[in-house]
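> Sequence below, structure please.
(chains A and B)
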Amino acid sequence: MSARAVTEATFDQEVINNEKTVLVDFWAEWCGPCRAVSPILDQIAAEHADKLDIVKLNVDEHPALAAKYQITSIPAMKVFQKGEVVKTVIGAKPKPALEKDLADYLV
Amino acid sequence: MRQVIIIGSGPAGYTAAIYAARAQLHPLLIASSVEAGGELMNTTDVENFPGFPEGIMGPDLMMKMQEQAERFGTEVVLDDVESLDLTGPIKSVTLGNGETHEALSVIFATGSAYRKLGLPDEERLSGRGVSWCATCDGFFFKGKTIAMVGGGDSAMEEATFLTRFADKVYVVYRGETLRASKIMQERAFTNDKIEFVYNSTVVGITGENAVDGLTLKNSVTGAESHLPVGGVFIAIGNDPRTHLVHQQLDLTSDGTIAVAGRTSKTSQTGVFAAGDVIDPSYRQAITAAASGTVAALDAEHYLSTLPQELLSQASLADAESAEITDPTLVAAIN
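The predicted model follows:
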């Protein structure tokens, strides 16, 4: 299952007002490490669908949201709970390392 | 069990794979999960790789190398090596997914990792204005004033690239004259958005929640100054990636894996090394590729000296582990 894309129009509904914990993957087509980490996030999304929603936001198409969350380095993965950012992970990492960073939100 | 496992997917790893595959060694190449393709994946135009007179984008070049390796039967696995045992006649490589693969020989081509400044605020402000990837992050510095730390080809290329977005790029270099090639220097010199700050070492990165400047120390006068910038990109060199083999292979005083003369032979029989991980000096895509060739030919030669009974255990299928118990065989390969 691939992580679904969110946009400026759907961000409030999909992320801010989501009952579940949501990880937003801020990414862009021209970012090699973003493309590398994307299938890993898809795997984590599939394995932990009950705990965590994972969505992708294209910063190239939605620069205002990237600016709002002060993104200056991608991939940037931000975990949202009740509309607030509770965790930020910067940079592509292997699956075990990402799972460790996200451990609090996967179990 | 395989005849050869190649670890690394830069120009050295893929070129070794092309040669090993064409020699019918059915190589397994461990490419890494998030750094597959190596350092060139984060570059833009590669203008000095022979055969591409118009230049080629780094990621495109690496994709072509992978295709060429796979065309001849290389199996590429997108995972990371967790641990490896290089001692004895049969080497084993354990991956992040828990699988262990065995082989009669290993080509180690893990390249190098970018160097950090080693400042306390560097980690804290990473992702808040400190970056090592201009192609990834330049976009976020539109209209800003930023700094590029370093004086080599990478620093020049990235500074030039960053002027697409930033209004002003300071290139901060600790020396008096740049290390970069003349053509890259010229390109930066003639770019009116780039200004050079020589003889300056970065001793601090300032900013509460985001980078707002650099503290510089002049290496001639010793005076400290503050350079206000909204971001800092770092390209001050690389260190060979050897942590997986520290206890198993001899290293040089430069920290690279020691190899015998112009060969790729490491201190461990049946283990070969290629590319940036053995090269403290040149570290070009083309020298890494050439080095990969040497490693594949050395591995091929080594395998040809092994007893047929042992080679026959190394099947294409990479099936369950084959344990060598016959004492004459063990003696033959040691």
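> So which bits of chain A are right by chain B?
A:28, A:30-34, A:36-37, A:40, A:59-60, A:66, A:70-74, A:76, A:88, A:90-96 (C-beta under 8 Å from any C-beta of the partner chain). To be clear about C-beta, it is placed using only N, CA and C from the backbone, and glycine gets the same treatment.
> for the residue lying closest to B:Pro50 once chain neighbours are set aside, phi and psi?
Leaving aside its sequence neighbours, B:Pro50 sits nearest to B:Ile286 (C-beta to C-beta, 6 or more residues apart in numbering or on different chains; 6.7 Å). Here the main-chain torsion angles of B:Ile286 (degrees, to the nearest 10) amount to phi -70, psi -30.
> In contact with B:Ile286: list those residues for me.
Applying C-beta atoms under 8 Å, 6 or more residues apart in numbering or on different chains, we find B:Ile286 in contact with B:Pro11, B:Asn48, B:Phe49, B:Pro50.
> What count of nearby residues applies to residue 2?
Here I'm looking at chain A. 12 (other C-beta atoms under 10 Å in any protein chain shown).
> meant chain B actually
Neighbour tally, B:Arg2, other C-beta under 10 Å: 24.
> Count the neighbours of the nearest residue to it once chain neighbours are set aside for me.
Excluding its sequence neighbours, the residue lying closest to B:Arg2 (C-beta to C-beta, 6+ apart) is B:Ala103, at 4.0 Å. By the measure other C-beta under 10 Å, the count of residues near B:Ala103 is 24.
> quick one: contacts for B:Ala103?
By C-beta under 8 Å, 6+ apart, B:Ala103 lies in contact with B:Met1, B:Arg2, B:Gln3, B:Val4, B:Ile5, B:Leu28, B:Ile90, B:Lys91, B:Ser92, B:Val93, B:Ala314.
> do the same with B:Ile6
Contacts of B:Ile6 (C-beta under 8 Å, 6+ apart): B:Gly13, B:Ala16, B:Ala17, B:Ala20, B:Pro27, B:Leu28, B:Leu29, B:Ile30, B:Thr74, B:Val106, B:Ile107, B:Ala109.
> at 10 Å instead, please
The contact partners of B:Ile6, by C-beta atoms under 10 Å, 6 or more residues apart in numbering or on different chains, come to B:12-17, B:20-21, B:25, B:27-31, B:69, B:74, B:76, B:103, B:105-109, B:272, B:274, B:292, B:295-296, B:299.
> Please identify the helix or strand for it.
With elements taken from DSSP states H and E, the one containing B:Ile6 is strand B:2-7.
> Likewise for B:Ala288?
Using DSSP H and E, B:Ala288 falls within helix B:285-304.
> What is the helix ranked longest in chain A packed up against?
Determined from DSSP state H, the single longest helix within chain A is helix A:32-47. On a contact count with 3 or more C-beta pairs under 10 Å, 6 or more residues apart in numbering or on different chains; DSSP states H and E, helix A:32-47 meets strand A:21-27, strand A:52-58, strand A:76-81, helix A:95-101, helix B:58-71, helix B:134-137.
> Try it again at 7 Å.
When contacts are defined as 3 or more C-beta pairs under 7 Å, 6 or more residues apart in numbering or on different chains; DSSP states H and E, helix A:32-47 sits against strand A:21-27, strand A:52-58, helix A:95-101.
> Would you mind naming what in chain B lies close to chain A?
Residues of chain B lying near chain A by C-beta under 7 Å from any C-beta of the partner chain: B:33-34, B:36, B:41-42, B:59, B:80, B:96, B:126-129, B:131, B:133, B:135-137, B:139-140, B:210, B:231.
> Okay, and which of those residues map to helices?
Counting by DSSP H, these place B:Pro59, B:Thr135, B:Cys136, B:Asp137 in helices.
> Let's see whichever strand or helix holds B:Glu186 as CSV, backbone CA atoms only.
Assigned by DSSP H and E, B:Glu186 falls within helix B:182-189. Taking Å, rounded to 0.1, in the frame of the first residue of the first chain, the C-alpha atoms of helix B:182-189 are listed here in CSV:
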residue,chain,number,x,y,z
LYS,B,182,40.4,25.2,-12.6
ILE,B,183,37.2,24.9,-14.7
MET,B,184,35.1,24.6,-11.5
GLN,B,185,36.9,27.6,-9.9
GLU,B,186,36.4,29.7,-13.1
ARG,B,187,32.7,29.0,-13.1
ALA,B,188,32.4,30.0,-9.5
PHE,B,189,34.6,33.1,-10.0
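> can you give me the mean pLDDT across it?
Mean pLDDT, helix B:182-189: 96.
> What residues sit buried inside it?
B:Met184, B:Gln185, B:Arg187, B:Ala188 (16 or more other C-beta atoms under 10 Å in any protein chain shown).
> Which neighbouring elements make contact with it?
helix B:153-162.
> re earlier: for ChimeraX, write a command that selects the buried ones of the residues of chain A next to chain B.
Buried residues within the residues of chain A next to chain B, by 16+ other C-beta under 10 Å, are selected in ChimeraX with:
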select /A:28,31,32,33,34,36,37,40,59,66,71,72,73,74,76,88,90,91,92,93,94,95
